[in-house]
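> Here is my input, please return the structure:
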Amino acid sequence: MRIVLVNWARIWDGAASGGGVNGYCQALALELVDAGHDVVSLNSGLTYTPSGEGDEPGACTLVRHADWLGVRVFEVVNSPVLAPSIAQYADPAGEVSAPQLERVVGELFDELRADVVHFHNIEGFSVGCVGAARGAGSPVVFSLHNYHTICPQVYLMQGHRRACFDARGGHACDGCVEPVDSGEERRRRVRSYRAEHGVVAPPPKAEPHDGRVLRQIGRELTRLVSPKPESASGGASEPDLPGEVVAGGDDVSRAMPVDGPDTRGETAALLAERARRAFLDKSAPEWTPLSNDVTDEPECADEPNAYGRRRSAMVEMLNSCDSVLAVSEFVRKKFVSMGVREDLIRRMPIGTCAVRIARWHPELLFDPPAADGTRPIRVVYMGHDNYYKGLAMLADALELMTPELLRMIDLSVYAREGHLSEWRFRRLEPRLAGLTYVHGYRPADVPWMLGGKDVGIVPSVWWDNAPQTVFEFFACGVPVLGARLGGIPDFVRDGENGLLFGGNDRFDLARRLGELIRTPGLVERLRSGVRPPKSIEEHAVEMAETYAALGRPCSVPRAGSAATSAG
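Alright, predicted model coming up:
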C-alpha cells in the first residue's frame, strides 16, 4: 500500500520536535516500511525562506527532501499556516481555509494517488487539506493524539492553567493565551533560515544531502561573499562592542529593548523564584482538583466568533473522514461530546518501541531490592518539564510531605527543558534520600534509566490523551503512580499494575506516595501485575489492517508523475 503520514514536525526529528506524537509517527513509518509498504511523510508550517532581500517569506511551495530510511519525504515551505499551533493562534480562520496551501497539497495528493492519507496532526495545514486528500480519491484516517482540532492551543487549559469546560462559542478562546504575531513569526523564521544557510537561498533542492552538508555550504558561502570589513586605514576593523555605543543626549535615557526573552545571567532563575505561584499557594486556581468526567458544554446564546467557527469546521472535517482513531477512551468520549459521530470514532491505543528496546536489553531491567520499609523507594519521573506534564506539581506534593517520609524517597528526574524546575528539586535535595536530575534523554536510554527502580510517576495536570511514558514504564516492568486524568486510567489499573491519585490533587499525590513508603510488599505486588504494552510492531500490523479495510481501489501512480520521480 501507498501510505501518506501527515504531521507538522519533520519525521527524522522524532520526539525531539513534536514530542511523543512525532516519535510515534517516526516509529510507525519505519515499521510500515519494513513491512514492505510505500510510505510518504508530509510536514508543513516550519520552514520559511526569503522571497528576496527582505524578511517576507516567498510563495508557498512543495519541496522533496532526500529519502529518509526508506520513507519519501515532502515538506510544504512557506505555508500560510504556522506550526506548532501556538504560533497560529492569532489567526484561527487560517486553519480553516488556506487556498494556496490546499492547492499545493492537493497537487501532491493527486500525483501520489495514495491508498490512504493518515493525518496525525493538522497543525501547519488547514481543514481544506483533508478535503484535498479526499478529492484525490484517497481514504482519510485522522488520529486524535491531542485536542488541537477543538482547542487552538492544544491543551484545553484556559490560560495554560485551568481546565476548559466551556468555550462559549469560541469567546473563551479570545484572550485565553497571549497570541504570537504570526507575521512577525514568519519573518523571524525567514531570518533564521538565512542565518543558517548563510545566503539568501531558494528552498532546498531535491539532490541528496543532509543538513550538515547544507549548513557547511552556507558557512563557506558566507565566508566568501561577506569578508570582514576593513577600517579606513586599510587594516581589519575593531571587534564589535558588546552593547550599543552611547553618544549622549537622549541615548542615555532611552529604554533598550530585548529581542525575545531575556536570558542573561541569572534572569530566568530569578524570575522563577520571584513567581509567587511557583510555591505552595493552596488558594490558587491551579490547585483545584480536576475530575475525569466528560461533560457536554453548555449551549451558547451568542453567535460563535472566529474560534467558534474554527471548532465547528474542525468537527465537520473529522466527520468527513473515513475513520477517526482516539488514543484512549476519554479522548473518544470527549470528541463525541463535541459532535464527532460515535459510529465513526473508535478507541485505538498506539504501540511503543520501548517494548523492543527492553527486549534487546534484559540485563538492564533488574528488579530492585525488596521495599520492606527499611530502604527508600526509588521513584522516577521522565518526560518534559512543562506545566501540563506536572513536574512542578510533583515538587508541590513533595513539599507537603513530612521530613520522615521525604527521606524515604530516592528520586530520579529525566526531563527535557528540565532547567525550568530544577531549582525546586535542588531545594528538596537535602531532605530526600537521593536526587538524580538529568536534562533530557532519548527513547533508547529508557532501560538504562529504569533498571532497579520501584515506581514511575506520571503526574499530568490536564486530560493527557495517552502519555507514552506510561507505556515506557510498563515495557520495562515498572509500575506507575499516575493521575486519574485523560487516558492514564485506561492503562493504569489502581492496585493492580500501579496506583492512581486524584487529578491535579497534590494532597492525594502526597498521600499515595506515603502509602507506597508505609506499605511493605506493595511495590512488589504492583510490579507483579505489570504486563508489556502493545508493541510498535503489533500496532503497525493493526494500522495496516485498518488502512486495507478502507479499500482504496487503485494505488498505481500515473507514469512520469512528479511525486514518484527522483527529484
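> and after the helix or strand harbouring L513, which helix or strand comes next?
Using DSSP states H and E, L513 falls within helix 506-518. Downstream of helix 506-518, the next assigned helix or strand under DSSP H and E is helix 522-528.
> What are the buried residues along that next one?
By 16 or more other CB atoms under 10 Å, the buried positions in helix 522-528 come out as 522-523, 526-527. Heads up, the C-betas are built off the backbone N, CA and C, glycines and all.
> what does that helix rub up against?
When contacts are defined by CB atoms under 8 Å, 6 or more residues apart in numbering, helix 522-528 is touched by residues 367-368, 370-371, 377, 454-455, 477-479, 495-499, 515-516.
> Inside helices: which ones of those?
Cross-referencing these against helices under DSSP state H gives 515-516.
> Could you write me a PyMOL select line covering just the buried ones among the contacts of helix 522-528?
Applying 16+ other CB under 10 Å to the contacts of helix 522-528, the buried members can be selected in PyMOL as follows:
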select buried, resi 368+371+377+454+455+477+478+479+497+498+499+516
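> Can you pick out the ones from the contacts of helix 522-528 that are in strands?
Within those, residues falling in strands by DSSP state E are 377, 455, 498-499.
> Same list, the residues you listed, but as a markdown table with distance to E107 and pLDDT please.
Putting the ones in strands among the contacts of helix 522-528 into a markdown table (distance: CB to CB, whole Å; pLDDT from 0 to 100) gives the following:
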| residue | distance to E107 | pLDDT |
| --- | --- | --- |
| I377 | 58 | 97 |
| V455 | 52 | 98 |
| G498 | 49 | 98 |
| L499 | 52 | 98 |
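> Now for those residues: which two are most distant?
Maximum pairwise distance in the ones in strands among the contacts of helix 522-528, criterion CB to CB, is 13.5 Å, between I377 and G498.
> which residues are common contacts for the two?
What both I377 and G498 touch, as defined by CB under 8 Å, 6+ apart, is the set V455.
> just to revisit the earlier point, going by neighbour count, which residues in the helix holding L513 are buried?
506, 508-510, 512-514, 516-517.
> okay if I get the residues you listed as a markdown table plus distance to T402 and pLDDT?
Shown next, in a markdown table, are the buried residues of helix 506-518 (distance: CB to CB, whole Å; pLDDT from 0 to 100):
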| residue | distance to T402 | pLDDT |
| --- | --- | --- |
| R506 | 15 | 96 |
| D508 | 16 | 98 |
| L509 | 15 | 98 |
| A510 | 10 | 97 |
| R512 | 15 | 98 |
| L513 | 11 | 98 |
| G514 | 9 | 97 |
| L516 | 15 | 96 |
| I517 | 11 | 96 |
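> ok so, going back, alpha carbons of the helix holding L513, in CSV - could you do that?
The C-alpha coordinates for helix 506-518 follow below in CSV (Å, rounded to 0.1, in the frame of the first residue of the first chain):
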residue,chain,number,x,y,z
ARG,A,506,-1.2,17.5,45.3
PHE,A,507,-2.5,16.2,48.6
ASP,A,508,-3.7,13.0,47.1
LEU,A,509,-0.4,12.5,45.3
ALA,A,510,1.4,13.0,48.6
ARG,A,511,-0.9,10.5,50.3
ARG,A,512,-0.3,7.8,47.7
LEU,A,513,3.5,8.3,47.8
GLY,A,514,3.2,7.9,51.6
GLU,A,515,1.2,4.7,51.0
LEU,A,516,4.0,3.3,48.9
ILE,A,517,6.5,4.0,51.6
ARG,A,518,4.5,2.7,54.5
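> name the helices or strands packed onto it?
With contacts defined as 3 or more CB pairs under 8 Å, 6 or more residues apart in numbering; DSSP states H and E, helix 506-518 has these neighbours: strand 377-384, helix 391-399, helix 403-406, strand 480-483, strand 498-501, helix 522-528.
> what do you get if the cut-off is 6 Å, keeping everything else the same?
Applying 3 or more CB pairs under 6 Å, 6 or more residues apart in numbering; DSSP states H and E, one finds that helix 506-518 contacts helix 391-399, strand 498-501.
> what does the shortest one rub up against?
Contacts of strand 498-501 from elsewhere in the structure, counted by CB atoms under 6 Å, 6 or more residues apart in numbering, are 479-482, 484, 492, 494, 508-509, 512, 526.
> Following the record's annotation, map out the domains of the chain.
What automatic domain parsing lists as the domains of the chain is 2-186+302-351+540-564, 355-528.
> mind putting these in TSV, distance to T267 included?
Shown next, in TSV, are the domains of the chain (distance: least, CB to CB, whole Å):
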stretch	distance to T267
domain 2-186+302-351+540-564	19
domain 355-528	12
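> Could you point out which of the ones you listed sits nearest P289?
Nearest to P289, of all the domains of the chain, is domain 355-528, at 4.3 Å by CB to CB.
> Just the terminal-to-terminal distance for the closest one.
Domain 355-528 has an end-to-end distance of 17 Å (criterion: CA to CA, to the nearest Å).
> how distant is it from the center of its chain?
20 Å (CA atoms, centre = their mean, to the nearest Å).
> swap in stretch 533-551?
For stretch 533-551, the distance to the chain centre is 23 Å (CA atoms, centre = their mean).
> quick one: least confident helix or strand in the protein?
The weakest-scoring helix or strand in the chain, judged by mean pLDDT, DSSP states H and E, is helix 211-225 (a mean of 38).
> ok, now which ones touch D454?
For D454, the contact set (CB under 6 Å, 6+ apart) comprises 368, 371, 377-378, 523.
> Need the residues you listed in JSON lines (columns: distance to V96).
Output for these, formatted as JSON lines (distance: CB to CB, whole Å):
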{"residue": "P368", "distance to V96": "52"}
{"residue": "A371", "distance to V96": "54"}
{"residue": "I377", "distance to V96": "50"}
{"residue": "R378", "distance to V96": "49"}
{"residue": "V523", "distance to V96": "50"}
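> Out of these, the closest to L112 would be?
L112 lies nearest to R378 out of the contacts of D454, by CB to CB, at 49.5 Å.
> quick one: pLDDT of that closest one?
R378 carries a pLDDT score of 97 in this model.
> ok, now the one 4 residues further on?
Looking at M382, its pLDDT reads 96.
> What strand or helix carries the closest residue to it other than its chain neighbours?
Excluding its sequence neighbours, the residue lying closest to M382 (CB to CB, 6 or more residues apart in numbering) is Y414, at 4.3 Å. Assigned by DSSP H and E, Y414 falls within strand 409-416.
> So which residues make contact with that strand?
Contacts for strand 409-416 (CB under 6 Å, 6+ apart): 376, 378-382, 384-385, 391, 432-438, 440-441, 449.
> switch to 8 Å and redo it
Applying CB under 8 Å, 6+ apart, the contact partners of strand 409-416 are 376-385, 391, 398, 421, 425, 432-441, 445, 449, 453, 513, 517.
> Helix 391-399 and that one, what's the angle between them?
For strand 409-416 against helix 391-399, the angle by axes from the mean of the first three to the mean of the last three CA atoms, to 10 degrees is 170 degrees.
> ok, strand 409-416: who's next to it in the sheet?
Its sheet considered, strand 409-416 pairs with strand 377-384 (parallel), strand 434-439 (parallel) by DSSP bridges.
> three-state assignment of V104?
Classification of V104 using DSSP: H, G, I helix; E, B strand; the rest coil returns helix.
> my read: it touches C60, true?
Yes: using CB atoms under 8 Å, V104 is in contact with C60, at 5.5 Å.
> Tell me the residues that contact both of those two, please.
Common neighbours of V104 and C60, counting by CB under 8 Å, 6+ apart, are V76.
> hang on, the earlier thing: buried subset of the contacts of strand 409-416 as a PyMOL selection?
This is how PyMOL selects the buried members of those, with burial counted by 16+ other CB under 10 Å:
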select buried, resi 376+377+378+379+380+381+382+383+384+385+391+398+421+425+432+435+437+441+449+453+513+517
